[in-house]
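Asker: Build me a model from this:
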Amino acid sequence: MMFKKICVIILIVFAAQLSTAQEGLPIYSDYLTDNYYLIHPSMAGVANCAKIRLTARKQWFGQDNAPALQTMSINSRIGETQSAVGAIVYNDKNGYHSQTAAYLTYAHHLMFSRNEIDLNMLSFGLSAGAIQYKLDESTFLSDGYDPIISGVEQSATNFNIDFGFSYHFINFYAHATVKNVLNNDGINVNERGIYKFDNLRTLLFSAGNVFNKLGSDWSYEPSILFLYRDGTKESSIDLNAKVYKEMEFGKLWGGMSYRRSLDGAEFNNGAGVSSQKLQYITPFVGVDYKNFVFAYTYSYQANSVVFNNGGFHQLTLGYNFGCRKRKYECACPAIN
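Answerer: Numbers count the residues shown, from 1 in each chain. So this is what the prediction gives:
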């Protein structure tokens, strides 16, 4: 019985790192399915086309109150200017906790090259929005009375901002973003103070390069993402590999992502104290068919003590519109 309790505790710790319904938009691997704008506001309007993206993620099929996430985003340049706008709406549910949010983004792109043939661009982005947090305690009390449980659905709404920049130089790119810049009381939804967590700042840094041989239909994109949560001092790293194949109808692509937490959790295995670090292996595949984008992502949790190794499914649907005729002369799928 004690071992089962420890397993549940570890599950909660790991789920809190990547699936919490209280820390803004969860950072999964959906940015790899042509969706960098979800995590970096400076990517709004950076592409040759305006973009609409829809995602749906579901974890642990067959389990009650399993984490689920839906997002919708749109971003575009403002006419022929160097400015861009975007919007993100999402709904995130994790057990009895849930959050609904809407963000608006303004981005500006500075060209350092003489024209769009040689890509050399620095971008800045600022997102501002409101998040409504909810905690449903209506089923907590089967009988009796507990002074720290209200027995109703509690909610709180807070305002926050994200800020970041991106740099593109031919086939190379780098992004840095600070999410949830402001302190607030969004997590302190219980007036009796069960918990309080007002520092939701998350720092993201990602970089990569696309390698393409002249005249070849194939291109390869290794990349990395580092995540750091200021309030809990947690950090993780993603190592990604992606490959593209040009087709007559568009493009086929796919790849693999490996995420590892840099912080471990200790547990009693019955014979002593052991520790493990969160590990996700995430293959993904997608297709660009004319102006449409379809992608599927699956995550496998590679740890010895888990609630469920697999069952992390995500679909992405997208549409590109308002594309400019002139493209950048680079192997840069996120731009072209």
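
Asker: Secondary structure element holding Glu182?
Answerer: For the record, residue 182 is Leu, not Glu. Using DSSP states H and E, no element contains Leu182; it sits outside every helix and strand.

Asker: what's the distance between it and Gly129?
Answerer: Distance of Leu182 to Gly129, computed by C-beta to C-beta, to the nearest Å: 11 Å. In short, each C-beta sits where N, CA and C put it, glycine included.

Asker: In terms of packing, which of these two has more residues around it?
Answerer: Gly129 (20 against 14; other C-beta atoms under 10 Å).

Asker: Per-residue pLDDT of that one, please?
Answerer: The model reports Gly129 with a pLDDT of 95.

Asker: low-confidence ranges in the stretch 201-336 of the chain?
Answerer: Scanning the stretch 201-336 of the chain for pLDDT under 70 picks out 266-270, 272-274, 303-310.

Asker: Show me where it has its helices.
Answerer: Per DSSP state H, counting those that start in this stretch, the stretch 201-336 of the chain carries no helices over any range.

Asker: quick one: buried residues of the top strand by length along the chain?
Answerer: As assigned by DSSP state E, the longest strand anywhere in the chain is strand 250-268. By neighbour count on 16 or more other C-beta atoms under 10 Å, the buried set for strand 250-268 is Lys251, Leu252, Trp253, Gly254, Gly255, Ser257, Arg259, Ser261, Ala265, Phe267.

Asker: What strands line up against that strand, and which way round?
Answerer: strand 234-246 (antiparallel), strand 273-289 (antiparallel) (DSSP bridges).

Asker: With mean neighbour count and distance to Ile27 as added columns, please give those in JSON lines.
Answerer: Shown next, in JSON lines, are those (neighbours: other C-beta atoms under 10 Å; distance: least, C-beta to C-beta, whole Å):
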{"stretch": "strand 234-246", "mean neighbour count": "17", "distance to Ile27": "9"}
{"stretch": "strand 273-289", "mean neighbour count": "17", "distance to Ile27": "11"}
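
Asker: and Gly86, which of those strands is closest to it?
Answerer: When the strands paired with strand 250-268 are compared by C-beta to C-beta, strand 273-289 sits nearest Gly86, at 20.1 Å.

Asker: re the thing from before, is it possible to export the strands paired with strand 250-268 to JSON lines including distance to Ser155?
Answerer: Below are the strands paired with strand 250-268 laid out as JSON lines (distance: least, C-beta to C-beta, whole Å):
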{"stretch": "strand 234-246", "distance to Ser155": "26"}
{"stretch": "strand 273-289", "distance to Ser155": "29"}
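
Asker: how about those strands, which one is nearest Asp30?
Answerer: Checking these against Asp30 by C-beta to C-beta gives strand 273-289 as the closest, at 8.9 Å.

Asker: Which neighbours do Leu182 and Gly129 have in common?
Answerer: Phe159, Asn160, Ile161 (C-beta atoms under 8 Å, 6 or more residues apart in numbering).

Asker: Remind me what the host helix or strand of the second one packs against, helices and strands.
Answerer: Taking DSSP H and E as the criterion, Asn160 maps to strand 153-169. Secondary-structure packing of strand 153-169 (3 or more C-beta pairs under 8 Å, 6 or more residues apart in numbering; DSSP states H and E): strand 120-136, strand 172-179.

Asker: So in terms of bridging, what pairs with Lys134?
Answerer: Counting by DSSP bridges, the residues bridging with Lys134 are Ser98, Ser155.

Asker: Identify the residues contacting Gly264.
Answerer: Gly264 makes contact with Ser275, Gln276, Lys277 under the criterion C-beta under 8 Å, 6+ apart.

Asker: Noted, bye for now.
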